[in-house]
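Participant: quick one, what's the 3D model for this:
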Amino acid sequence: MVAQFNILGRQVGSHYLAIATLGSTVLGSWLALRSGSKAGASGKPVPPLQAASADEESFIKDFLRAAEQEEKKAKH
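Facilitator: Just a heads-up that it's a prediction; the model follows:
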């Protein structure tokens, strides 16, 4: 037989408590890890660009693109 626990006035088997604990742990970790963060092509989170003008924004994007290409070349 299984151990019975009295929860909210009802008898609950220990196997049901174990299943509920494992299920809530898996569900909680899945919800915590499924972030909706924006990631770039490299998989790293991309911070928002706060440029004063369109020229500055395009310069920053071009610089980051060039830096990523150099990083890829350095890895190979």
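Participant: how many other residues sit next to the residue nearest to Ala3 when sequence neighbours are not counted?
Facilitator: Computed as CB to CB, 6 or more residues apart in numbering, the closest residue to Ala3 that is not its neighbour in sequence is Ser14, at 4.4 Å. No exception for glycine: its C-beta is placed from N, CA and C like everyone else's. Ser14 has 11 neighbours, counted by other CB atoms under 10 Å.
Participant: Ser14 contacts Val2, doesn't it?
Facilitator: Yes - shown here, Ser14 and Val2 form a contact pair, counting by CB atoms under 8 Å, at 5.2 Å.
Participant: elements contacting the helix or strand harbouring Asp55?
Facilitator: Counting by DSSP states H and E, the element that carries Asp55 is helix 54-75. For helix 54-75, there is no helix or strand it packs on, judged by 3 or more CB pairs under 8 Å, 6 or more residues apart in numbering; DSSP states H and E.
Participant: any idea how far that helix is from the chain center?
Facilitator: 25 Å (CA atoms, centre = their mean, to the nearest Å).
Participant: now swap in stretch 16-35 and tell me
Facilitator: 15 Å.
Participant: can you tell me the SS state at Val12?
Facilitator: Assigned by DSSP: H, G, I helix; E, B strand; the rest coil, the conformation of Val12 is strand.
Participant: what about it, neighbour count?
Facilitator: 15.
Participant: pLDDT wise, what is it at?
Facilitator: pLDDT recorded at Val12 is 95.
Participant: hmm, it is touching Phe5, no?
Facilitator: Yes - look at Val12 against Phe5 with CB under 8 Å: they come within range, at 5.3 Å.
Participant: ok, back up a step: what sits against the residue nearest to Ala3?
Facilitator: Each residue near Ser14 by CB atoms under 8 Å, 6 or more residues apart in numbering is listed here: 2-5.
Participant: roughly how far apart are it and Gly23?
Facilitator: Ser14 sits 15 Å away from Gly23 when distances are taken as CB to CB, to the nearest Å.
Participant: no further queries at this time; thank you.
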